[in-house]
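1. Using only what follows, build the 3D model:
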Amino acid sequence: MVLSGVLSILQGVAGIARDRLFGTPLHYEYRFDLTSWGWIHLVLGVALLVGGVALLARVPWGRPAGLALAAISLVSQFMFIPYYPIWCIAVMILDLMVLWTLARLAD
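-> Numbering: from 1, shown residues only. Presented below is the predicted three-dimensional model:
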């Protein structure tokens, strides 16, 4: 989850800087400004990083927060696929692994 947070932070910084790395889809319903997507990913990445550290510290709210944040990250990466598919799919795989692990984790 920490790795997913770091990758989302990097994605957010690149979006805010309007990096030429991202494509521009023509016909896409959720086409926000790239800076908006950058801020979304930056905030979500920081939240994922904090949640991941909370999980490592075994804080009681870490597991439910981790499940919620990984699910939100999964949806946001899915919506961002037209801009940078390979990166989004890699982060989505990490989010799915986090969701599966936290859902299967015994108390």
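
2. burial of Asp95, as a residue count?
-> 25 (other Cβ atoms under 10 Å). From N, CA and C alone the C-beta is placed, and that goes for glycine too.

3. can you check the one 3 residues further on too?
-> For Val98, the tally of surrounding residues (other Cβ under 10 Å) stands at 25.

4. Quick check: which element contains it?
-> Val98 is part of helix 85-104 when elements are defined by DSSP states H and E.

5. what's in contact with that helix?
-> Residues from elsewhere that reach helix 85-104 (Cβ atoms under 8 Å, 6 or more residues apart in numbering): 1, 3-4, 7-8, 11, 55, 63, 66-67, 70-71, 73-74, 77-78, 80-81.

6. Filter the residues you listed down to the buried ones and hand me the PyMOL line.
-> Restricted to buried positions by 16 or more other Cβ atoms under 10 Å, the PyMOL selection for those reads:
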select buried, resi 1+4+7+8+11+55+63+66+67+70+73+74+77+80
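
7. CA atoms of the helix holding Val98 as CSV?
-> Taking C-alpha atoms only, helix 85-104 is exported to CSV below (Å, rounded to 0.1, in the frame of the first residue of the first chain):
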residue,chain,number,x,y,z
PRO,A,85,-2.7,2.8,-19.5
ILE,A,86,0.5,0.9,-18.5
TRP,A,87,1.1,2.9,-15.3
CYS,A,88,-2.6,2.7,-14.3
ILE,A,89,-2.8,-1.0,-14.8
ALA,A,90,0.3,-1.6,-12.8
VAL,A,91,-1.1,0.5,-9.9
MET,A,92,-4.4,-1.3,-10.2
ILE,A,93,-2.7,-4.6,-9.8
LEU,A,94,-1.0,-3.3,-6.6
ASP,A,95,-4.4,-2.1,-5.4
LEU,A,96,-6.0,-5.4,-6.1
MET,A,97,-3.2,-7.2,-4.2
VAL,A,98,-3.7,-4.9,-1.2
LEU,A,99,-7.5,-5.4,-1.3
TRP,A,100,-7.1,-9.2,-1.4
THR,A,101,-4.5,-9.2,1.3
LEU,A,102,-6.5,-7.0,3.7
ALA,A,103,-9.7,-8.8,3.0
ARG,A,104,-8.1,-12.2,3.8
